[in-house]
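**Q** Predicted model follows, preceded by the sequence.
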4 protein chains.
Amino acid sequence: MTHTPPGYSDHKVAHLNRLKRIEGQVRGIARMVEDGKYCIDVLTQVSAAKKALESVALLLLDEHLQHCVRHAAEAGGEEADLKIAEASQAIARLVRS
Amino acid sequence: MTHTPPGYSDHKVAHLNRLKRIEGQVRGIARMVEDGKYCIDVLTQVSAAKKALESVALLLLDEHLQHCVRHAAEAGGEEADLKIAEASQAIARLVRS
Amino acid sequence: MTHTPPGYSDHKVAHLNRLKRIEGQVRGIARMVEDGKYCIDVLTQVSAAKKALESVALLLLDEHLQHCVRHAAEAGGEEADLKIAEASQAIARLVRS
Amino acid sequence: MTHTPPGYSDHKVAHLNRLKRIEGQVRGIARMVEDGKYCIDVLTQVSAAKKALESVALLLLDEHLQHCVRHAAEAGGEEADLKIAEASQAIARLVRS
């Protein structure tokens, strides 16, 4: 199964910026814990970082459907079955995370 | 409103280790995007990082209830009302993130 | 462990109305499936019912903290430990559902 | 935009049974509130009903991808764009519910 380039290629830089920002958020949360900041303020930042990861996931998923799943469906056959089953599993993992 | 030390003080090192690991996960996801790794594999890691943040949040919340909310409830009065309302809002933010 | 009346007693009628409405939403979804309505329209209603259940849960949880957990914390000792551990587990179940 | 029959047609009876069970769960929760059952026990059932709705949604979504989105992608053009955008929005609503 080849899959080059991935569905998110067109927005690679935007994704990298988002992820760099989330990495900074997580590092900021660690600094808050280090400094003994108030639990609720730490929690607010954890929920924000979680929400930001969720947004990245939804964007990646949309691009995956637009490109990889769409192309597999056009090609048809087993590859289409496989890609759709795989996408459904990824959606389930995201919904449950 | 003073709140020193925060409810998570006893497990500060464990939380810092967890957050350092999550920071590494997010950096790893950025590397996957940089390298053009397959969308679904990236998504799996994003869901895992999201789940890890959720676990940190649940631990922080439990410690907050055990210490800060419990002490405020013992003290009673307005401080108790305030701390409980604040905890409920933090729970709602987490559930919705 | 006695716990009468439950924390939600003051808002029992409001909760019953909310639950009756959600029951109607779920019955409406079944009717949509029966009638072969479009998948996405069914899904929209399922997400709405899920969100409505989540709101009921957050209200119940807030009232539980305000009454049962608060009283247990005032009483102190083992009952307080137990009630807080129990609340944390309920929060975790909700976050993961 | 025609979409007959919906993607879930093959499993209509199974979905109706699931929804009937969830409707019964919600009615059972109302009965628990009516009877003044303990908050945490009510909450456990609310989380279970929420989880059951989530499962129905994931099944509907999988069938929608397998049928409606797949056929639209085979047909190509604007219909494919539209169906994929619509699926992404439904996924986002579910993830956020």
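**A** Sure, I can see it. Numbers count the residues shown, from 1 in each chain, chains lettered A, B, ... in the order given.
**Q** all strands of chain A, in order?
**A** For chain A, applying DSSP state E gives no strands.
**Q** Would you mind listing where it has pLDDT under the threshold?
**A** Applying pLDDT under 70 to chain A picks out residues A:1-4.
**Q** which residue does it bring closest to chain D?
**A** residue A:73 (3.3 Å; CB to the nearest CB). Every C-beta, even on glycine, is put in place using the N, C-alpha and C of the backbone.
**Q** how close does that residue get to chain B?
**A** Distance, residue A:73 to chain B, by CB to the nearest CB, to the nearest Å: 15 Å.
**Q** With residue A:17 instead?
**A** 10 Å.
**Q** show me what contacts that residue?
**A** With contacts defined as CB atoms under 8 Å, 6 or more residues apart in numbering or on different chains, residue A:17 has no neighbours.
**Q** please redo it, this time with the cut-off set to 10 Å
**A** Counting by CB atoms under 10 Å, 6 or more residues apart in numbering or on different chains, residue A:17 touches A:11, B:30.
**Q** Grab the nearest non-local neighbour of the most centrally placed residue in chain A.
**A** Residue closest to the mean C-alpha point of chain A, counted by CA atoms, centre = their mean, is residue A:57 at 2.3 Å. Closest residue in space to residue A:57, ignoring its immediate chain neighbours: residue B:46 at 4.6 Å, by CB to CB, 6 or more residues apart in numbering or on different chains.
**Q** distance of the closest residue to the residue of chain A closest to chain D other than its chain neighbours from residue D:29?
**A** Distance criterion CB to CB, 6+ apart; nearest residue to residue A:73, sequence neighbours excluded, is residue D:73 at 3.3 Å. Between residue D:73 and residue D:29 the computed distance is 40 Å (CB to CB, to the nearest Å).
**Q** residues contacting residue A:52?
**A** Applying CB under 10 Å, 6+ apart, the residues near residue A:52 are A:18-19, A:21-22, A:25-26, B:26, B:50, B:53, B:97.
**Q** In contact with residue A:14, which residues?
**A** Contacts of residue A:14 by CB under 10 Å, 6+ apart are A:8, A:56, A:59.
**Q** I'd like to know which of these are buried.
**A** A:8, A:56, A:59 (16 or more other CB atoms under 10 Å in any protein chain shown).
**Q** and the closest residue to the second one other than its chain neighbours, what does it touch?
**A** The one in question is residue A:56. Nearest residue to residue A:56, sequence neighbours excluded (CB to CB, 6+ apart): residue A:18, at 5.3 Å. If you count contacts by CB under 10 Å, 6+ apart, residue A:18 has them with A:11, A:52-53, A:55-56, A:59, B:30, B:33.
**Q** Closest one to chain C out of those, please.
**A** Of the contacts of residue A:18, the one sitting nearest to chain C (CB to the nearest CB) turns out to be residue A:53, at 14.9 Å.
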